[in-house]
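> Here's my sequence, what's the structure:
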Amino acid sequence: MAGYFKLVDAHDDGFRVKLTAPDGTLVAVSTFYASKEEAIAGIELIREIAGTGPVVDHSRVASSDQDELFVGLQGTSGRDGGARSDA
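Purely as a prediction, here's the structure:
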């Protein structure tokens, strides 16, 4: 079985999306969505970003073997992940 998206009620009368690994481990929780329609659109955006987005490393500590850590990740090149972001 593949991982899955779980649409859940948020405590403030909206919705959140939980990304869950095949073994049931929680991988990520989305931002708040006011409606199910927004949450579904959020899932589509997450799918697009996860499949095509580069890795941008903004961590404080550089690893001596960091280039090896990123091997196989599309669009990456070392510490800056092949992309710049001010986030």
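> What is the lengthiest helix in the chain packed up against?
If you go by DSSP state H, the chain has its longest helix at helix 36-52. Here helix 36-52 touches strand 4-9, strand 15-20, going by 3 or more Cβ pairs under 8 Å, 6 or more residues apart in numbering; DSSP states H and E. All C-beta spots, glycine's among them, are computed from the backbone N, C-alpha and C.
> next helix or strand past the last one?
Moving toward the C-terminus from strand 15-20, the first helix or strand encountered (DSSP states H and E) is strand 26-29.
> Run the chain-centre distance for that next one.
Remark: strand 26-29 is offset 8 Å from the chain centroid, using Cα atoms, centre = their mean, to the nearest Å.
> and what of stretch 37-45?
For stretch 37-45, the distance to the chain centre is 14 Å (Cα atoms, centre = their mean).
> tell me which residues in that stretch are buried?
Residues of stretch 37-45 classed as buried by neighbour count (16 or more other Cβ atoms under 10 Å): Ala39, Gly42.
> what are the C-alpha coordinates of it, in CSV please?
Provided in CSV are the C-alpha atoms of stretch 37-45 (Å, rounded to 0.1, in the frame of the first residue of the first chain):
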residue,chain,number,x,y,z
GLU,A,37,-12.7,22.2,-1.6
GLU,A,38,-9.6,24.2,-0.4
ALA,A,39,-8.2,21.1,1.3
ILE,A,40,-8.6,19.1,-1.9
ALA,A,41,-6.9,21.8,-3.9
GLY,A,42,-4.1,21.8,-1.2
ILE,A,43,-3.6,18.0,-1.8
GLU,A,44,-3.2,18.6,-5.5
LEU,A,45,-0.6,21.3,-4.8
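> just to revisit the earlier point, got the contact list for the longest helix of the chain?
Phe5, Leu7, Phe15, Arg16, Val17, Leu19, Ser30, Thr31, Tyr33, Gln74, Gly75 (Cβ atoms under 8 Å, 6 or more residues apart in numbering).
> Which strand residues bridge the fifth one?
Beta-bridge partners of Val17, counted by DSSP bridges, are Leu7.
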